[in-house]
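> this one's structure only:
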C-alpha cells in the first residue's frame, strides 16, 4: 500500500475518534441493509443502486416519540456513487419510506466517503472504512445531524468470503448516544454470477451501556446474489431473534454501472504478475 493511502487511513481513524468523544445523539433510520465488501466504482465511473427493505412483520411501536412504526413499512434509498480514485468513492443518497397506511416520507439526504484498499475483489484480505453524513427528518431520527462510521474487514478464501462491519451510528444532539450496530456476512460463490450466504445485523444499543439482550435487535438473513443482464441483485429474507427485533423482513438491492470508468493500473499490474507467476510455475499438477 502506498504511503499516501496509509496516511489517509490514519487520518480517517483519527477523525472517527474525535467524533466519538464529541456530544452525540442516536440515529435510527434503517434504509440500507447491506454488508460492505470494500468494492468501489472504477475511477471516473458512476454507479446506481436502489436499496429496498420491507417489514412483513415488524415492531408495532416507534423507536422514539413521533417516529415511524416499522411494521409493514417500506424503507429504501436510491444511491448514486462516483469513483474518485482507486481507493476513494463518493456516494449520494435520497432515503424515503412508505408507512403501513401508504403515506410516503422523505428523509432528506446523505453523503458518504468510502476509503478502501484498492482492488478488494481480487484480494484474500481486504479492508476499508466508510463515513456517512446525513440530515434526518423527525419521522426517522430524534437527531437532525447523524454520522455512520463503518469499518470493513474481510477475508476471502477460494469461493468463500467472510466480512465484518463493526458499525457505530452517531447522532449529534441531546437525545441519544453513539450506538454499536455490527453486521457480518458469510457467503459462497457458486459461479461467476451467483452466490449464496448468510448476513447478520444487530443493534446492541449505546456504546456506554448496551441494552438488555431482549431489547437488542438481532436479525439473520438468508441471501442470494445474482445478475440479470447488466444489473447486480442482492435479495434476502430476515428473521428477528429477539423481542426487540422485527420478526420477518425482506430486502433487495439492485445495482448497475451508469458509465464505464477507467481500469485500475494496480489491478492490471496484479493480474499481469499472476499470469507471469503462473507461467514460471508451470501448470498445476493433479
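That came through, no problem. Just so it is clear, the structure is predicted and the values come from calculations on it, not from any experiment. Residues are numbered from 1 along each chain as shown.

> In contact with residue 166, which residues are there?
Contacts for residue 166 (C-beta atoms under 8 Å, 6 or more residues apart in numbering) come out as 151, 153, 180, 182. (Each C-beta comes from the backbone N, C-alpha and C, glycine too.)

> burial count for the third one?
Here the neighbour count serves as a burial measure; for residue 180 (other C-beta atoms under 10 Å) it reads 18.

> Equivalent analysis for residue 66, please.
Residue 66 has 8 neighbours, counted by other C-beta under 10 Å.

> Over to it. Which of the three states is it?
coil (DSSP: H, G, I helix; E, B strand; the rest coil).

> model confidence over stretch 241-260, on average?
Confidence for stretch 241-260, expressed as mean pLDDT, is 97.

> dump the residue contacts of residue 260.
Going by C-beta under 8 Å, 6+ apart, residue 260 touches 42, 45.

> So it belongs to a helix, correct?
No. Per three-state DSSP, residue 260 lies outside any helix segment and is coil.

> Give the buried residues for the helix or strand encompassing residue 234.
According to DSSP states H and E, residue 234 maps onto strand 231-240. Across strand 231-240, burial judged by 16 or more other C-beta atoms under 10 Å covers 232, 234, 235, 236, 238, 240.

> partners of it in the sheet?
Applying DSSP bridges, strand 231-240 is found paired with strand 217-228 (antiparallel), strand 248-257 (antiparallel).

> Reformat those as TSV; add distance to residue 145 and mean neighbour count.
Formatted as TSV, the strands paired with strand 231-240 follow (distance: least, C-beta to C-beta, whole Å; neighbours: other C-beta atoms under 10 Å):
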stretch	distance to residue 145	mean neighbour count
strand 217-228	23	17
strand 248-257	26	18
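
> Which among these is found nearest to residue 81?
The minimum distance between residue 81 and the strands paired with strand 231-240 falls on strand 248-257, with 9.2 Å, by C-beta to C-beta.

> which residues touch that closest one?
So strand 248-257 is contacted by 33-34, 41, 45-58, 219, 221, 230-240 (C-beta under 8 Å, 6+ apart).

> Ok, which of the strands paired with strand 231-240 comes nearest residue 160?
The nearest among those, by C-beta to C-beta, is strand 217-228 at 13.6 Å.

> Any chance you could list what contacts the closest one?
Taking C-beta under 8 Å, 6+ apart as the rule, strand 217-228 contacts 33, 181, 185, 187, 193-203, 232-242, 244-246, 249, 251.

> did I read that right, residue 214 in a helix?
Yes. Counting by three-state DSSP, residue 214 falls inside a helix.

> Now do the contacts for it.
Applying C-beta under 8 Å, 6+ apart, one finds that residue 214 lies in contact with 242, 243, 244.

> now do 10 Å
Listed by C-beta atoms under 10 Å, 6 or more residues apart in numbering, the contact set of residue 214 reads 242, 243, 244, 245.

> again with residue 107
29, 31, 68, 75-77, 93-97, 134-141.

> And it, how far from residue 136?
Here the criterion is C-beta to C-beta, to the nearest Å. By it, residue 107 lies 6 Å from residue 136.

> can you check residue 149 too?
16 Å.

> ok, now residue 86?
32 Å.

> before we move on, what about residue 142?
Distance from residue 142 to residue 136, counting by C-beta to C-beta: 9 Å.

> how many neighbours does residue 67 have?
Number of residues near residue 67 (other C-beta under 10 Å) recorded here: 16.

> If you could redo that for residue 130, that was the one I meant.
Using other C-beta under 10 Å, the number of residues around residue 130 comes to 22.

> Can you read off the pLDDT for it?
Residue 130 is given a pLDDT of 98.

> same thing with the one 4 residues further on?
At residue 134 the predicted local distance difference test score is 96.

> Check which helix or strand it maps to.
Element membership for residue 134 (DSSP H and E) is strand 125-135.
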